[in-house]
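*Asks:* Below are the sequence and a predicted model for it; my questions follow.
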Amino acid sequence: MYQTILHDFDMRMLMDSGQVFRICCCGENTYAVASGRHLVRIRQTACGPSKEGTLSAFGMSGEGVSVEFSCSPQEFDSYWYNYFDLSTDYGAMKKAVDPKDSFLTSAISYGGGIRILRQDLWETILCFLISQNNNITRIRNSVDALCRRYGERLEPEGFLTGEESLSERDFYSFPEPEKIASGGLEGLQGLGLGYRDKYILAMAKRCCNGSGKEFFHSLQNADYEEAIAILTGEFGIGRKVADCICLFALHHIGAFPVDTHVKQILAAYYPKGFPFERYQGFAGVIQQYMFYYKLSLPSSRTKKEAVKPAPARKKIS
DNA sequence: GTCCAGGAAAAAC
DNA sequence: GTTTTTCATGGA
């Protein structure tokens, strides 16, 4: 077990932020995080004198949360510290936000515990291939089903203090390209992938054996623009998915993925344009606060009808 | 039945 | 070169 105090950190927000699909809640204030072949359980509790502790108070700058990792301090240092991007000061980026921008200030007050994770590249490429024209719940289910079919069962590492029983749920490693490729298209049926199965298979074949390592290294050594060019050259990856991979795996935090939600935000709240110049170099962090906050809003607020009233509805016969 | 979801490829203009 | 259609799937 390893315990520490963290700022700008909230597991529930990270779990639901849409950047990662392998975190689940497995008890009160307790979460399981799987990444590649790593698995850890994390318990987070409010600490210090804070205003009556709502969950939303977690992770706000200044307050901090007490966080227990089930793993050893060595595993924390060598993997999870980097995964959660704990060397970055998010308070500084929050302060850069225009105080007159009420949408953004609300978004940060609502989702201040979000960070940009440094996720495994192979895993992130596949997860965001699955994400296209899909919703977060279905993505999570497909990713989990894929890991159950081709991954290996992971043994929980270490224990949290006073842990009575482990979660009934079991966890699997993210499958290697060779495993997915060998199963062919048939091996991808029944996972809810829909038409995306052919993208997954093509990417798995492309990353088999040595060529995957080369591909990953070229991406990791590329700057943002180069990475976008490489990624969008692949079957099934367009600009939006490429931006997500750049942001969530390659940590190009200037990347600003525009999906259906962000498109709605920009149309509804920034009709005269979003001030990208103000957030140069870290717009992706700002984007993530906006995205997460938007998920909590009633859809009527940003749906097209709310912005521009739709013409009279066509009469049904 | 229709619309929507962290879109992109293929077809059609 | 740009716009439109198609592509699976399941929940609302």
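*Replies:* Arrived safely.

*Asks:* and A:Leu219, how many neighbours does it have?
*Replies:* 18 (other C-beta atoms under 10 Å). Glycine gets a C-beta too; all of them are placed from N, C-alpha and C.

*Asks:* Show me what the top strand by length along chain A is packed against.
*Replies:* Scanning chain A for the strand with the most residues, using DSSP state E, yields strand A:38-46. For strand A:38-46, the packing partners by 3 or more C-beta pairs under 8 Å, 6 or more residues apart in numbering; DSSP states H and E come out as strand A:30-35, strand A:65-69.

*Asks:* Pick out the residue in the stretch 101-250 of chain A sitting closest to DNA strand B.
*Replies:* Scanning the stretch 101-250 of chain A for proximity to DNA strand B using C-beta to the nearest atom of the strand identifies A:Gly238 as nearest, at 2.4 Å.

*Asks:* Identify the residue spatially nearest to that residue, adjacent ones excluded.
*Replies:* Of all residues beyond its chain neighbours, the one nearest A:Gly238 is A:Thr232 (6.3 Å), with distances taken as C-beta to C-beta, 6 or more residues apart in numbering.

*Asks:* got a list of what the one you found touches?
*Replies:* A:Gly238, A:Arg239, A:Ala242 (C-beta atoms under 8 Å, 6 or more residues apart in numbering).

*Asks:* ok, how many other residues are close to the first one?
*Replies:* In other words, A:Gly238. Neighbour count for A:Gly238, taken as other C-beta under 10 Å: 11.

*Asks:* so how far is A:Asp259 from it?
*Replies:* According to C-beta to C-beta, to the nearest Å, A:Gly238 and A:Asp259 sit 11 Å apart.

*Asks:* Same question for A:Gln189.
*Replies:* 27 Å.

*Asks:* any chance of the helices and strands packed on strand A:38-46 in JSON lines, plus mean neighbour count, distance to DNA strand C and mean pLDDT?
*Replies:* Shown next, in JSON lines, are the helices and strands packed on strand A:38-46 (neighbours: other C-beta atoms under 10 Å; distance: least, C-beta to the nearest atom of the strand, whole Å; pLDDT from 0 to 100):
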{"stretch": "strand A:30-35", "mean neighbour count": "21", "distance to DNA strand C": "22", "mean pLDDT": "97"}
{"stretch": "strand A:65-69", "mean neighbour count": "21", "distance to DNA strand C": "30", "mean pLDDT": "97"}
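
*Asks:* Adding distance to DNA strand B, write those out as CSV.
*Replies:* Listed next are these as CSV, based on distance: least, C-beta to the nearest atom of the strand, whole Å:
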stretch, distance to DNA strand B
strand A:30-35, 16
strand A:65-69, 22
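
*Asks:* Could you dump those strands into JSON lines and include distance to A:Leu166?
*Replies:* Output for the helices and strands packed on strand A:38-46, formatted as JSON lines (distance: least, C-beta to C-beta, whole Å):
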{"stretch": "strand A:30-35", "distance to A:Leu166": "10"}
{"stretch": "strand A:65-69", "distance to A:Leu166": "15"}
